[in-house]
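Peer 1: Return a 3D structure for these sequence lines:
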Amino acid sequence: MVKTLLRWILLAAALLLVAHLYPGVQVTSFTSAMIAALVLGLLNTLLRPLLVLLTLPVTVLSLGLFLFVINALMFWAAAAVLDGFTVTGFWAALIGSLIYSLCGMLIDVVMERMFPPGELD
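Peer 2: Just a heads-up that it's a prediction; the model follows:
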């Protein structure tokens, strides 16, 4: 539980970093970032696998590059349903989702080293 809460806080901070680095993404407060990180996590857990399955032929033909489009759509969809989290268009969603994904991967690596599997789960 502690690990999950810490990861959530770090992902919200990563979303604030994305907004700071790229002007096409705006986050009004840390609370908005926390809610947006939660919604992004839910969308990626519930909706993304279905989209990946439905677009599998396009993904295979594009050698996996279409997955970037799916990530951008998830990022854009989260911004569309939330106040305090704004993405100005598809390209902003694509760049924002790339930066956010890189931050998420870095957070996962650091968390894995700080808390080995089975510790604090």
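Peer 1: Now do the contacts for residue 67.
Peer 2: By C-beta atoms under 8 Å, 6 or more residues apart in numbering, the residues touching residue 67 are 52, 59. C-beta: built from backbone N, CA, C; applies to glycine.
Peer 1: contacting residues around residue 82?
Peer 2: Taking C-beta under 8 Å, 6+ apart, one finds 32, 35-36, 39 in contact with residue 82.
Peer 1: neighbours of residue 19, just the number please.
Peer 2: 23 (other C-beta atoms under 10 Å).
Peer 1: so it makes contact with residue 30?
Peer 2: No. Using C-beta atoms under 8 Å, residue 19 is not in contact with residue 30, being 11.0 Å away.
Peer 1: Would you mind putting the contacts of residue 82 into CSV with distance to residue 11 alongside?
Peer 2: Compiled in CSV, these are given as follows (distance: C-beta to C-beta, whole Å):
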residue, distance to residue 11
32, 13
35, 12
36, 9
39, 11
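Peer 1: Give me the subset of those residues lying in helices.
Peer 2: Counting by DSSP state H, these place 32, 35-36, 39 in helices.
Peer 1: Could I get those residues in CSV, plus columns for pLDDT?
Peer 2: CSV is the format used below for these (pLDDT from 0 to 100):
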residue, pLDDT
32, 94
35, 95
36, 95
39, 95
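Peer 1: What are the buried residues along the helix ranked longest in the chain?
Peer 2: Assignment by DSSP H gives helix 90-114 as the longest helix of the chain. By 16 or more other C-beta atoms under 10 Å, the buried positions in helix 90-114 come out as 92-101, 103-104, 107.
Peer 1: Could you dump these into CSV with distance to residue 8 and pLDDT added?
Peer 2: Formatted as CSV, the buried residues of helix 90-114 follow (distance: C-beta to C-beta, whole Å; pLDDT from 0 to 100):
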residue, distance to residue 8, pLDDT
92, 23, 95
93, 21, 95
94, 24, 96
95, 23, 96
96, 18, 95
97, 18, 95
98, 21, 96
99, 18, 96
100, 14, 96
101, 16, 95
103, 13, 95
104, 11, 94
107, 10, 95
